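Student: have a look; sequence and predicted model below, questions after that.
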Amino acid sequence: MAMPIQTQKPVDAGVVHDAGGAPSYRSALTLLASLFFMWGFITVINNTLLPHLRSVFDLSYTQTTLIESVWFIAYFFASIPSAKLIERVGYQRAMVFGLGLMAVGALMMVPAARLPSYGVTLIALFVIASGITLLQVAANPYVAVVGPPETASSRLNLVQAFNSAGATLAPLFGGYLILGRSTSGTAAAGSTAVLTQTERIADAQSVVLPYLIVAAVLVVLAIVIARFPLPAMGSATQRSAKADRQGQSLWSHRNLVFGIPAIFIYLIAEIGVANLFINFVSQPNIGNLTHEQASHYLFILWGGMMVGRLIGSVVMRTIPAERVLAFASIGACVVMLIATFTTGHVAMWALISVGLFHSIMFPTIFTLGIKGLGTLTEEGSGLLIMAIAGGALVIVQGWLADTYGLQNSFLLTAACELYVLFYAVWGSRTTNALPEQAAR
């Protein structure tokens with residue numbers, strides 16, 4: 001799959017012009033930012049949904065993390081079909097279709113809750129994730145070209161900030177409407193009481209209202225985007241001519257070859273922390289909190305990632321990206337070891353602080369991975385984005401938590417940080433760098 005990221009000037013169809021006659025893309029970017037917000041929001045709702053489902057279905061940690069694995073498996077299976085659909089129907093219609101698919105998945109959570117059914121829940125989440133994958137494949141390149149080439153990076157950073165905002169607010173929404181309205185979510189910290197069948201059914205149905213709200217918002221957003229005169233992209237997103245890539249190989253670029261597993265492995269770390277966070281900090285020897293209370297601290301974790309991205313964007317103007325990445329990976333490894341081998345609020349705040357160090361990892365690895373690819377940048381970008389499927393291997397940490405204990409399972413996260421350090425120090429060095437495309 002290729003992820004087109006060229007930044008040639010788009011066609012002006014559907015563009016609003018300002019008082020000086022220059023094209024203005026502010027309205028389009030505002031609307032597209034809402035997409036980034038929604039998929040960040042819905043993705044992180046899972047972090048409050050998982051401990052809830054663990055209680056409702058009496059799941060092991062392995063079964064709980066399988067839910068998130070299914071979510072990220074969708075990235076692997078839906079990426080190529082998404083690219084083909086975009087080629088067939090265009091970017092705007094594909095965005096509408098992606099939102100519609102997400103709405104269908106959200107509505108499927110209603111019968112999954114009323115049954116209740118673990119299997120139907122997995123299918124519903126896979127459908128939602130497939131819709132998000134389609135949005136990612138469509139919206140990222142669109143934002144890159146919907147405006148002047150010289151401000152493409154600024155636009156992408158702006159809309160990605162909205163993604164972080166959605167991720168930051170989601171735990172509060174899920175904590176109030178899911179955990180705050182369920183018996184398991186408001187049970188005293190450390191409670192070992194098993195839910196009765198009546199309580200399980202009542203708890204399962206607490207997800208109906210929030211997912212109906214999400215589905216309604218998605219449908220409204222799909223209608224707005226379908227009717228909005230988004231600027232045409234023309235030929236700006238076409239792949240480079242095959243002749244331009246003749247005799248060039250992606251696999252001769254060390255920074256890409258080691259960058260693909262770097263993103264794959266980093267996702268295991270990020271998703272593992274987020275998924276098991278509530279269960280970890282609610283333990284009596286850590287935070288001694290209810291699941292609802294723990295969700296408020298998850299808000300701080302994601303907020304730290306948003307702040308970290310803002311700090312990183314400033315720091316990397318003067319310090320090389322690979323040095324910042326190395327510092328972040330060392331910091332992440334240290335706080336994960338503290339979270340593993342200490343208890344109480346020290347362990348809790350150590351786990352919370354890892355969000356600050358994780359914040360710059362994905363965009364920095366991605367940028368270093370495509371550096372020097374020249375006309376091969378599109379294919380390299382596609383491979384790096386497909387590596388997001390690494391989040392599916394969070395099930396390994398679930399198995400470790402069941403076998404060796406939840407706290408000890410975070411040693412896997414610390415090991416992931418060490419690979420990121422290796423990539424920053426050595427793996428990210430470019431080999432056989434090619435000249436950048438003139439359009440970039």
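Tutor: Great, that's in hand. Residues are numbered from 1 along each chain as shown.
Student: tell me which strands and helices the lengthiest helix in the chain is in contact with?
Tutor: Assignment by DSSP state H gives helix 26-56 as the longest helix of the chain. Here helix 26-56 touches helix 61-89, helix 91-114, helix 118-145, helix 152-177, helix 197-204, helix 208-227, helix 254-281, helix 291-315, going by 3 or more Cβ pairs under 8 Å, 6 or more residues apart in numbering; DSSP states H and E. The way it works is simple: take the backbone N, C-alpha and C, and place the C-beta from them, glycine included.
Student: list the buried residues for that helix?
Tutor: Burial within helix 26-56, assessed by neighbour count using 16 or more other Cβ atoms under 10 Å, is assigned to 28-29, 32-33, 35-56.
Student: what sits against the nearest residue in space to P111 that is not next to it in sequence?
Tutor: Closest residue in space to P111, ignoring its immediate chain neighbours: V120 at 6.2 Å, by Cβ to Cβ, 6 or more residues apart in numbering. Going by Cβ atoms under 8 Å, 6 or more residues apart in numbering, V120 touches 108, 111-112.
Student: now that we have these, which one has the most neighbours?
Tutor: For those, the largest number of neighbours (other Cβ atoms under 10 Å) sits with A112, at 23 neighbours.
Student: surely that residue and V127 touch.
Tutor: No: in this structure, A112 is not within contact of V127 by Cβ atoms under 8 Å, at 10.9 Å.
Student: how close does R429 sit to Y423?
Tutor: 10 Å (Cβ to Cβ, to the nearest Å).
Student: likewise for A215?
Tutor: Going from A215 to Y423 by Cβ to Cβ gives 39 Å.
Student: give me the more crowded residue out of these two.
Tutor: Remark: of A215 and Y423, Y423 carries more neighbours, 28 against 20, as counted by other Cβ under 10 Å.
Student: correct me if wrong: that one contacts V257.
Tutor: No: using Cβ under 8 Å, Y423 makes no contact with V257, being 10.5 Å away.
Student: pLDDT below threshold where in the stretch 201-350 of the chain?
Tutor: 232-247 (pLDDT under 70).
Student: swap in 90 and give it another go.
Tutor: 201-211, 228-253, 271, 274-275, 278, 290-296, 298-299, 302-321 (pLDDT under 90).
Student: with the stretch 51-200 of the chain instead?
Tutor: Using pLDDT under 90, the flagged stretches of the stretch 51-200 of the chain are 51-92, 94, 109-110, 112-119, 121, 133-200.
Student: quick one: L256 from L221, how far?
Tutor: 35 Å.
Student: also I319?
Tutor: Relative to L221, I319 is positioned 38 Å away (Cβ to Cβ).
Student: which of the two has more residues huddled nearby?
Tutor: When I319 and L221 are compared for neighbours, L221 comes out ahead with 21 against 12, by other Cβ under 10 Å.
Student: pretty sure that one is touching M38, no?
Tutor: Yes: using Cβ under 8 Å, L221 makes contact with M38 at a distance of 6.7 Å.
Student: centre of the chain to stretch 105-123, how far?
Tutor: Relative to its parent chain, stretch 105-123 has a centroid offset of 22 Å by Cα atoms, centre = their mean, to the nearest Å.
Student: can you mark which positions in it are buried?
Tutor: For stretch 105-123, a neighbour-count test (16+ other Cβ under 10 Å) marks 105-110, 112-113, 116, 118, 120-122 as buried.
Student: swap in stretch 161-179?
Tutor: 161-171, 173-179.
Student: for the nearest residue to F264 once chain neighbours are set aside, which residues are in contact?
Tutor: With Cβ to Cβ, 6+ apart as the criterion, F264 has its nearest non-adjacent residue at 3.3 Å, and that residue is G390. Shown in contact with G390 (Cβ under 8 Å, 6+ apart): 72, 263-268.
Student: one more: I263?
Tutor: 362, 365-366, 369, 384, 387-388, 390.
Student: same thing with L400?
Tutor: L400 makes contacts with 408-409, 411-412, as judged by Cβ under 8 Å, 6+ apart.
Student: can you check L115 too?
Tutor: Contacts for L115 (Cβ under 8 Å, 6+ apart) come out as A204.
Student: tell me which stretches of the stretch 301-440 of the chain form helices.
Tutor: In the stretch 301-440 of the chain, helices defined by DSSP state H, counting those that start in this stretch lie at 321-341, 344-358, 361-370, 377-386, 394-404, 411-422, listed in chain order.
Student: mean confidence score for the fifth one?
Tutor: In other words, helix 394-404. For helix 394-404, mean pLDDT is 92.
Student: now swap in the last one and tell me
Tutor: Regarding helix 411-422, the rounded mean pLDDT is 97.
Student: can you check the fourth one too?
Tutor: Summarised as a single mean, pLDDT over helix 377-386 is 72.
Student: who does it touch, helix- and strand-wise?
Tutor: Helices and strands touching helix 377-386, by 3+ Cβ pairs under 8 Å, 6+ apart, are helix 61-89, helix 254-281, helix 361-370.
Student: turn those helices into JSON lines, columns for distance to H296.
Tutor: Formatted as JSON lines, the helices and strands packed on helix 377-386 follow (distance: least, Cβ to Cβ, whole Å):
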{"stretch": "helix 61-89", "distance to H296": "20"}
{"stretch": "helix 254-281", "distance to H296": "10"}
{"stretch": "helix 361-370", "distance to H296": "24"}
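Student: between those, which gets nearest to S206?
Tutor: Of all the helices and strands packed on helix 377-386, it is helix 254-281 that lies closest to S206, at 15.3 Å by Cβ to Cβ.
Student: quick one: buried residues of the closest one?
Tutor: 254-260, 262-281.
Student: that helix to helix 152-177, inter-axis angle?
Tutor: For helix 254-281 against helix 152-177, the angle between stretch directions is 20 degrees (axes from the mean of the first three to the mean of the last three Cα atoms, to 10 degrees).
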